[in-house]
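S.K.: sequence-free structure coming up:
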């Protein structure tokens, strides 16, 4: 079964600290993996997209890694800010067209 | 560019009523999608349209119909609303993989639907 599992479900950190969110998937055949940020009451916004051959990709303070062998990805947030408070969603695309499988998300709260 | 615009933002329906969620994108994208998001669950695909004139069922199509009116617009219709359809609905669009930003899926701001 094609699944995407994210951990932790929720996380609270202090402003300025770093954190790492995890994503494990069983989706096959693999096409690409995306990380989205979803603010409360808003639609998801793309952070990164990685293909099979990419191990790491950065977008400002966000760095995503991908290990296609173990089917794991992580999203590392450096020097967190209050505006980073949101849900972070891992999404994996199968080779068969635009069929995406969404993880349940990690809800991050950054406190002052 | 407005991106992906969907209406209405909020709607309350009685069981058995019908309604249509409207979606439009101004990015000249070929593909459009309708998802629903329920608490604690990932977004689930209801229907998608790979190009103008085509539509295909996603993971949870029962109780819904769609129309790809033209390249810009993709509507979602609930013919006889049920409480199980209470959810947040997101419209999305994407371009052609390989082209600039073609792999990125852009989402609308969501439509909160409550069926009582």
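M.R.: Noted; the coordinates are in hand. Predicted model only: the values in this text are computed from it and were never measured. Numbering: from 1, shown residues only, chains lettered A, B, ... in the order given.

S.K.: neighbours around residue 72, how many?
M.R.: You didn't pick a chain, so chain A it is. Each residue near residue A:72 was counted by other CB atoms under 10 Å in any protein chain shown, and the total is 14. Heads up, the C-betas are built off the backbone N, CA and C, glycines and all.

S.K.: That was the other one, I meant chain B.
M.R.: For residue B:72, using other CB under 10 Å, the count is 17.

S.K.: starting at the chain centroid, how far to the host helix or strand of residue A:32?
M.R.: Per DSSP states H and E: residue A:32 is located in strand A:30-38. Between the centre of strand A:30-38 and the centre of its chain there are 6 Å (CA atoms, centre = their mean, to the nearest Å).

S.K.: And stretch B:2-10, by the same measure?
M.R.: Chain-centre distance of stretch B:2-10: 10 Å, with CA atoms, centre = their mean.

S.K.: which parts of it are buried?
M.R.: Judged by neighbour count (16 or more other CB atoms under 10 Å in any protein chain shown), stretch B:2-10 contains these buried residues: B:4, B:6.

S.K.: So what would you say the end-to-end distance of that stretch is?
M.R.: Taking CA to CA, to the nearest Å, stretch B:2-10 runs 19 Å from one end to the other.

S.K.: how about residue 85, what does it touch?
M.R.: Just going to use chain A. Under the criterion of CB atoms under 8 Å, 6 or more residues apart in numbering or on different chains, the neighbours of residue A:85 are A:108-110.

S.K.: nope, chain B
M.R.: By CB under 8 Å, 6+ apart, the contact set of residue B:85 is B:63, B:78, B:113, B:115.

S.K.: coming back round to it: counting contacts, what elements does the strand holding residue A:32 pack onto?
M.R.: Secondary-structure packing of strand A:30-38 (3 or more CB pairs under 8 Å, 6 or more residues apart in numbering or on different chains; DSSP states H and E): strand A:19-25, strand A:45-51, strand A:62-67, strand A:72-77, strand A:86-94.
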